[in-house]
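Peer 1: got a predicted structure plus its sequence, pasted below:
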Amino acid sequence: MIDKILKHLQAEFGVQSVALLEGTKQDTVVVPKEHLVDVCKLLRDHKEFYFDFLANITAVDYHPENRFALVYNLASLPYQTQLTIRVELPMENRDENNLPEVPSVSSIWRTADWHEREAFDLMGIYFTDHPDLRRILLPDDWAGFPLRKDYKDAESYHGIKIKGE
């Protein structure tokens with residue numbers, strides 16, 4: 001199945017734009033963020049693939065390489081197949097005000113809404129065109145992104161000591 005998907009995506013978006021990630025336990029297709037939304041729409045709407053369910057979005061921090069990756073786990077319930085999409089997000093600097101950006105897929109799969117908010121909240125990845133991108137687990141005034149490898153734990157929050165001695 002992965003060969004058919006890969007050939008179709010490469011024909012649609014260009015051989016250089018879509019690649020198979022070798023050595024993974026699950027079929028993984030790497031796409032540039034510029035094609036993410038169109039690739040996802042095609043995978044959801046194509047009658048031979050029909051990836052109708054987005055199970056998860058995971059953000060990965062490759063510090064000190066100054067890059068992030070987003071991993072999208074898709075499933076086709078009728079065909080009982082799974083596929084992983086990966087998007088690489090290089091960073092020029094890791095300042096918490098300089099957030100890597102990727103387009104939202106929440107218009108394609110409603111489950112993306114919460115997964116994207118979690119990646120934004122904990123890793124600081126900004127999803128353009130997201131309908132309600134705000135923190136989901138941490139307070140609105142929390143500083144930083146706790147799942148980044150270079151995150152420094154706060155000593156206190158609103159005068160409450162949170163770091164043990």
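Peer 2: Received it, and whenever you're ready, just let me know what you need.

Peer 1: residue ranges with poor pLDDT in this protein?
Peer 2: Applying pLDDT under 70 to the chain flags the ranges 96, 164-165.

Peer 1: which parts of it are helices?
Peer 2: Taking DSSP state H as the criterion, the chain contains helices spanning 2-13, 36-45, 112-123.

Peer 1: tell me the most buried of those helices?
Peer 2: For those, the largest average neighbour count (mean count of other CB atoms under 10 Å) is found in helix 112-123, namely a mean of 21. Backbone N, C-alpha and C define where each C-beta goes, glycine included.

Peer 1: re the thing from before, let me have the helices of the chain in a markdown table, extended by distance to residue 144.
Peer 2: Listed next are these as a markdown table, based on distance: least, CB to CB, whole Å:
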| stretch | distance to residue 144 |
| --- | --- |
| helix 2-13 | 35 |
| helix 36-45 | 26 |
| helix 112-123 | 10 |
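
Peer 1: so what's residue 90 bridging to?
Peer 2: Residue 90 has these beta-bridge partners by DSSP bridges: residue 67.

Peer 1: run a quick neighbour tally on it.
Peer 2: The tally of other residues near residue 90 (other CB atoms under 10 Å) stands at 10.
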